[in-house]
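Student: Attaching a predicted model along with its sequence, questions to come.
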Amino acid sequence: MAKIQAIRGMNDILPEQTPVWQYVESTVRQVLGQYGYQEIRMPVVEQTELFKRSIGEVTDIVEKEMYTFDDRNGDSLTLRPEGTAGCVRAAEEHGLLFNQTRRLWYTGPMFRHERPQKGRYRQFHQIGVECFGMDGPDIDAELLILTARLWQVLGLAGHTRLEINSIGTSEARKVYRQALVDYLDQYRDQLDDDSKRRLTTNPLRILDSKDAGTRKILDGAPSLDDYLDDESRAHFEQLKGLLDAAGVKYSVNPALVRGLDYYGKTVFEWITDSLGAQGTVCAGGRYDGLVEQLGGKPTKAVGFAMGLERLILLLETLELVPDYVNNHADVYVTAVGDKVIAPAMAIAEELRSALPGRVVVTHCGGGSFKSQMKKADRSGARYAVILGENELASGNVGLKPLRDDEPQQDIARSELAQALASRLAQ
Ligand code: ATP
Ligand code: MG
């Protein structure tokens with residue numbers, strides 16, 4: 001019978017890979033904790049309507065990327081393609097936004113039916129951050145300062161660059177959109193097909209078209225910058241000042257518009273040049289209108305999401321994963337002969353109590369001394385504790401270094417933990 005395989009674009013994360021995932025997740029968690037951000041966990045499935053109303057009907061995500069299905073009772077449900085909508089829904093539903101400010105984060109899988117390729121999958125993982133009830137630009141700056149710190153901690157500081165832009169209020173964008181459409185309409189026949197379609201659905205998205213012909217036409221297009229309202233302009237100037245003061249480098253990219261409808265004012269992307277086309281590792285912006293759009297009271301909001309697959313790919317490509325990030329054993333306890341199984345397990349327990357930060361693996365499944373030593377070696381452990389019937393009778397154990405040529409030593413069982421502690425610390 002043919003074996004059943006995983007769904008295309010949905011990856012298993014194997015035991016060899018989980019240490020680097022845990023490393024990235026715990027580093028982000030720690031940095032967010034330092035800034036007082038609190039974790040929120042939402043379901044991975046929401047009503048389809050939530051995404052249509054928030055992300056926008058004519059965006060790539062809603063038009064062609066969502067996993068949508070009818071529940072058994074006929075409700076239309078969707079696997080979340082991103083976390084902001086669900087986070088706003090949850091925060092609003094539980095009264096987290098009323099008369100207060102919130103700094104929230106979440107992590108988990110997201111689902112988009114895209115063409116799978118390096119750095120682009122159908123199930124992928126994000127860490128998202130959302131802040132509510134703050135006008136900015138101070139909180140906008142905080143988000144960028146904290147991401148800059150994260151890159152620093154991960155060793156990525158020299159490998160990511162920040163692009164920022166202001167896309168103004170929705171009123172300003174409406175006026176600009178018309179000017180852009182009027183201009184592009186003259187060149188309609190020369191636009192690429194996607195851009196032609198977007199001319200009527202989502203014209204701002206044409207600005208980040210990669211098509212060479214379209215790019216050429218865009219050179220002469222009106223600039224969003226000229227249409228910004230005064231408040232957005234002042235907000236953006238202040239944000240730049242705060243970033244300058246904090247020493248966070250950026251460049252202003254007037255073509256940066258982001259693909260989701262709910263953004264306004266500040267938008268930004270952290271980009272790397274080391275991953276080819278899938279170079280955006282973190283992206284976000286301000287979305288002051290969304291809470292109200294979803295039925296809540298007007299609430300200022302700003303957030304971002306980073307793609308964990310891309311971040312991990314980047315760390316691996318640049319060989320920035322620290323050596324200690326692995327799931328190797330430190331100590332492997334062998335047990336040759338039925339009589340020594342219980343004492344070997346007891347010794348391993350003593351070691352786990354005495355060395356709480358270390359990985360102590362007990363041999364299970366019997367076998368010859370030779371086969372047990374082979375397993376000890378494969379576990380990656382630095383030391384094997386050797387326990388056979390002779391050792392048991394003598395009250396000693398054998399301590400054998402596995403990674404260098406040092407000879408095996410006999411050590412009293414009572415001194416084993418101390419001996420290992422000092423050796424492993426070297
Ligand atoms: P892109 O332009 O690469 O399609 P996007 O604008 O659709 O990205 P967002 O919705 O802003 O992406 O999501 C934030 C981050 O999540 C992205 O910057 C990226 O790191 C990651 N991401 C988005 N889609 C995918 C995917 N299909 N596979 C892996 N990571 C993804
Ligand atoms: Mg996309």
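Tutor: Thanks, I have the structure now. Ligands and ions are numbered 1, 2, ... in the order given.

Student: for the stretch 151-300 of the chain, which spans come out with low pLDDT?
Tutor: For the stretch 151-300 of the chain, the stretches flagged by pLDDT under 70 are 259-260.

Student: Tell me how many other residues surround G337.
Tutor: 14 (other C-beta atoms under 10 Å). (Each C-beta comes from the backbone N, C-alpha and C, glycine too.)

Student: show me the residues around it that make contact.
Tutor: G388, E389 (C-beta atoms under 8 Å, 6 or more residues apart in numbering).

Student: Of all residues in the chain, which one is closest to ligand 1?
Tutor: Ligand 1 sits closest to G307 of the chain, with a gap of 2.4 Å, by C-beta to the nearest ligand atom.

Student: My read is that that residue contacts Q123, right?
Tutor: No. Between G307 and Q123 there is no contact under C-beta atoms under 8 Å: 11.9 Å.

Student: follow-up on the earlier one: residues touching the residue of the chain closest to ligand 1, list them.
Tutor: G119, F124, H125, Q126, T280, V281, C282.

Student: let's see it at 10 Å
Tutor: 110, 119-121, 124-127, 278, 280-283, 313-314 (C-beta atoms under 10 Å, 6 or more residues apart in numbering).

Student: Mind checking which of those residues are in strands?
Tutor: M110, F124, H125, Q126, I127, T280, V281, C282, A283 (DSSP state E).

Student: partner residues bridging the fifth one?
Tutor: Meaning I127. Taking DSSP bridges as the rule, I127 bridges to T107, M306.

Student: unless I'm mixing things up, it is touching W21, no?
Tutor: No. Between I127 and W21 there is no contact under C-beta atoms under 10 Å: 11.3 Å.

Student: shared neighbours of these two, anything?
Tutor: With C-beta under 10 Å, 6+ apart, I127 and W21 have common neighbours L308, L311.

Student: Next up, phi/psi of the nearest residue to W21 once chain neighbours are set aside, please.
Tutor: Leaving aside its sequence neighbours, W21 sits nearest to I13 (C-beta to C-beta, 6 or more residues apart in numbering; 6.1 Å). Backbone torsions of I13, given as degrees, to the nearest 10, read phi -110, psi 110.

Student: Which ones among the contacts of G307 also lie next to ligand 1?
Tutor: Residues of the contacts of G307 in contact with ligand 1 (C-beta under 6 Å from any ligand atom): G119, R120, Y121, F124, Q126, Q278, T280, V281, C282, A283.

Student: any chance of these in a markdown table, with distance to V181 and neighbour count too?
Tutor: Shown next, in a markdown table, are the ones next to ligand 1 among the contacts of G307 (distance: C-beta to C-beta, whole Å; neighbours: other C-beta atoms under 10 Å):
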| residue | distance to V181 | neighbour count |
| --- | --- | --- |
| G119 | 32 | 18 |
| R120 | 30 | 16 |
| Y121 | 34 | 22 |
| F124 | 33 | 21 |
| Q126 | 32 | 24 |
| Q278 | 30 | 16 |
| T280 | 26 | 17 |
| V281 | 32 | 26 |
| C282 | 31 | 25 |
| A283 | 25 | 21 |
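
Student: which residue sits closest to I139, ignoring its sequence neighbours?
Tutor: Using C-beta to C-beta, 6+ apart, the nearest residue to I139 is C131, at 5.2 Å.

Student: tell me the contacts of the one you found?
Tutor: By C-beta under 10 Å, 6+ apart, the neighbours of C131 are 37, 101-105, 139-140, 142-143, 286, 300-304.

Student: Swap in 6 Å and give it another go.
Tutor: Counting by C-beta atoms under 6 Å, 6 or more residues apart in numbering, C131 touches R103, I139, V302.

Student: Of the residues you listed, which is the most crowded?
Tutor: Result: V302 is most packed of the contacts of C131 (other C-beta under 10 Å), 27 neighbours.

Student: Make sure I have this right: that residue is in a helix.
Tutor: No. With DSSP: H, G, I helix; E, B strand; the rest coil as the criterion, V302 is located in strand rather than a helix.

Student: Quick check: closest non-adjacent residue to it.
Tutor: Using C-beta to C-beta, 6+ apart, the closest residue to V302 is R286 (4.4 Å).

Student: Okay, and the beta partners of that neighbour?
Tutor: G264, V302.

Student: How many residues are close by Y187?
Tutor: Counted with other C-beta under 10 Å, Y187 comes out at 17.

Student: picking up where we left off before, quickly name whichever of the ones in strands among the contacts of G307 is closest to V340.
Tutor: Ranked by distance to V340 (C-beta to C-beta), the ones in strands among the contacts of G307 are led by H125 at 44.0 Å.

Student: need the residues of the chain near ligand 1, please.
Tutor: Checking the chain against ligand 1 by C-beta under 6 Å from any ligand atom, the hits are 82, 112, 114, 119-121, 124, 126, 259, 278, 280-283, 305-307, 309-310.

Student: any idea how this protein splits into domains?
Tutor: 18-169+229-317, 331-424 (automatic domain parsing).

Student: Could you say which of the ones you listed is packed most deeply?
Tutor: Most buried of the domains of the chain, by mean neighbour count (mean count of other C-beta atoms under 10 Å): domain 18-169+229-317, with a mean of 18.

Student: Leaving out sequence neighbours, find the closest residue to K118.
Tutor: Per C-beta to C-beta, 6+ apart, closest to K118 is Q278, 6.3 Å.

Student: and that neighbour, what are its phi and psi?
Tutor: Dihedral angles for Q278 - degrees, to the nearest 10 - are phi -90, psi 60.

Student: do the same with C131
Tutor: The phi/psi pair for C131 (degrees, to the nearest 10) is phi -120, psi 130.

Student: May I have the beta-bridge partners of it?
Tutor: For C131, the beta-bridge partners are R103, V302 (DSSP bridges).

Student: and E391, what element?
Tutor: Using DSSP states H and E, E391 sits in helix 389-394.

Student: next SSE after that helix?
Tutor: strand 396-401.

Student: Which secondary structure elements does that following strand sit against?
Tutor: Strand 396-401 sits against strand 383-386, strand 409-412, with contacts defined as 3 or more C-beta pairs under 6 Å, 6 or more residues apart in numbering; DSSP states H and E.
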